[in-house]
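> Below are the sequence and a predicted model; questions follow.
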Amino acid sequence: MMIQGGKHARTKLLNWPDHTDQTGRVFIELMRDLPMAPNGSAVEYYHSQSELHPLILLANSKTRRCEASSSQNLLHKCSIHPRT
């Protein structure tokens, strides 16, 4: 599988095995706060046994950084990563 090139927004879901019910909400928050590319993909990258990195392809390459929040402190600041 190849991930489409361009800038992606990423955040972290910590201790994801205990929070699998939160994955959809995390993507919804990313897409609510950032402009996702119309034909872009949403990707779950399992960084480790305890850390999941949800990514979305951004429509606006000028976006640099965002704040993601969660009442349960599961999310961290998200960052923008170029993928080529």
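Happy to help now that I have it.
> going forward, measure contacts and count neighbours with C-alpha atoms only.
OK.
> Look at residue 52 and give its secondary structure.
When classified by DSSP: H, G, I helix; E, B strand; the rest coil, residue 52 comes out as strand.
> Could you pull out the buried residues of the helix or strand residue 32 falls within?
When secondary structure is defined by DSSP states H and E, residue 32 falls within helix 23-33. Within helix 23-33, the residues that qualify as buried are 26-27, 30-31, counting by 16 or more other Cα atoms under 10 Å.
> To what extent is the closest residue to residue 10 other than its chain neighbours buried, counted in neighbours?
Counting by Cα to Cα, 6 or more residues apart in numbering, the nearest residue to residue 10 once its immediate chain neighbours are dropped is residue 55, at 4.5 Å. Other residues near residue 55 number 25, with proximity taken as other Cα atoms under 10 Å.
> just checking, residue 55 touches residue 6?
No: with contact defined as Cα atoms under 8 Å, residue 55 does not reach residue 6; the gap is 11.7 Å.
> sec struct for the residue nearest to residue 10, please.
With three-state DSSP as the basis, residue 55 sits in strand.
> Could I get the pLDDT score of the closest residue to residue 40 other than its chain neighbours?
By the measure of Cα to Cα, 6+ apart, the closest residue to residue 40 outside its immediate chain neighbours is residue 57, 5.2 Å from it. Confidence per residue is given as pLDDT, and for residue 57 that number is 90.
> what's stretch 35-52 in contact with?
Contact with stretch 35-52 is made by 3-4, 12-17, 27, 53-60, as judged by Cα atoms under 8 Å, 6 or more residues apart in numbering.
> Report the buried residues of that stretch.
Judged by neighbour count (16+ other Cα under 10 Å), stretch 35-52 contains these buried residues: 35-37, 40, 42, 52.
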